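# Sharing a model prediction with you, sequence too.
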Amino acid sequence: MTDPAFTILPERADDALAIERLHERTFGPGRYAKSAYRLRERMPHRPELSFTARIGTLLVGSVRLSPIRIGEAQALLLGPLTVEPPFRERGIGHALIERAVAEAKAKGHRLVVLVGDEPYYGKSGFRRIPKGLARMPGPVDPARLLVCELVDGAFAGVSGPIRPDWSAS
Ligand SMILES: CC(C)(COP(=O)(O)OP(=O)(O)OC[C@H]1O[C@@H](n2cnc3c(N)ncnc32)[C@H](O)[C@@H]1OP(=O)(O)O)[C@@H](O)C(=O)NCCC(=O)NCCS
């Protein structure tokens, strides 16, 4: 039997509850203590740069992007990325990342950062930020702080604390 096809769609306002439940199932209550969550709490995601994966009408995955700054440089924070367990390992996660990154690039953004596993995100063009160049507002394993340049050389000369970008709201 072949896998049912999935589609990637822009996030809609009425997806919020299903996405919140997906986050709760995936990350549990401990998610609020994570540095990336603490940043996102202070800066809402950008719906036009956030996507869901659906199989039929069922929401099976989500990725969000939020505006941040690294020092003075504008960037986007990718996450959370989540796929419902029964629907993993069929390319949905990478398809969500690629759609969000492509849309960000098309809208003129230059950098996307995230906290995650380099072996996974490396396949979508993310690489480790050299230790000490960018600092999350809380403890993060530096090996998991990754960046993707949407424009060649966009990360050159960028450094500093990572914080919400209030000017983008
Ligand atoms: C991580 C996650 C989004 C991947 O979704 P997915 O739809 O299964 O991903 P894909 O199908 O696009 O990719 C699967 C591939 O990535 C690999 N992979 C999955 N998680 C990985 C990880 N943490 N590190 C390295 N490789 C990983 C799989 O082994 C598989 O490899 P293959 O293509 O060689 O078989 C999903 O497992 C998930 O929701 N996990 C819980 C939440 C999470 O950890 N989110 C990321 C941190 S923000």
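Received the coordinates, thanks.
# So, low pLDDT: which residues of this protein?
Applying pLDDT under 70 to the chain picks out residues 1-2, 169.
# P80: which element?
Element membership for P80 (DSSP states H and E) is strand 73-83.
# same question, R54
Here R54 is assigned to strand 51-55, by DSSP H and E.
# before we move on, back to that, output the strand holding P80 as PDB, restricted to C-alpha atoms.
Output of strand 73-83 as PDB, limited to C-alpha atoms (Å, rounded to 0.1, in the frame of the first residue of the first chain):
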ATOM      1  CA  ALA A  73      21.000  41.600  12.300                       C
ATOM      2  CA  GLN A  74      17.400  40.600  11.400                       C
ATOM      3  CA  ALA A  75      16.800  36.800  11.200                       C
ATOM      4  CA  LEU A  76      14.000  34.300  11.700                       C
ATOM      5  CA  LEU A  77      13.800  31.600  14.300                       C
ATOM      6  CA  LEU A  78      12.500  28.200  13.000                       C
ATOM      7  CA  GLY A  79      10.500  26.100  15.300                       C
ATOM      8  CA  PRO A  80       8.800  24.300  16.700                       C
ATOM      9  CA  LEU A  81       8.900  21.600  13.900                       C
ATOM     10  CA  THR A  82       6.600  18.700  14.700                       C
ATOM     11  CA  VAL A  83       5.200  15.800  12.800                       C
END
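# Tell me the strands beside that strand, with direction?
strand 58-70 (antiparallel), strand 111-115 (parallel) (DSSP bridges).
# Mean neighbour count and distance to the ligand added to those strands, as a markdown table?
C-beta here means a position set from N, CA and C on the backbone, and glycine is covered the same way. As requested, the strands paired with strand 73-83 are exported to a markdown table (neighbours: other CB atoms under 10 Å; distance: least, CB to the nearest ligand atom, whole Å):
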| stretch | mean neighbour count | distance to the ligand |
| --- | --- | --- |
| strand 58-70 | 22 | 7 |
| strand 111-115 | 23 | 7 |
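# Residue of this structure closest to the ligand, please.
Nearest residue of the chain to the ligand: G93, at 2.7 Å (CB to the nearest ligand atom).
# give the contact list for I68.
Contacts of I68 were listed using CB atoms under 8 Å, 6 or more residues apart in numbering, and they are 39, 43, 74-77, 113, 162-165.
# how about the strand holding P80 against the ligand, any contact?
Yes. Judged by CB under 6 Å from any ligand atom, strand 73-83 and the ligand are in contact via 79-83.
# Tell me the first helix or strand C-terminal of that strand.
Per DSSP H and E, strand 73-83 leads on to helix 92-106 as the next helix or strand towards the C-terminus.
# That next one packs against which elements?
strand 7-10, strand 51-55, strand 58-70, strand 73-83, strand 111-115 (3 or more CB pairs under 8 Å, 6 or more residues apart in numbering; DSSP states H and E).
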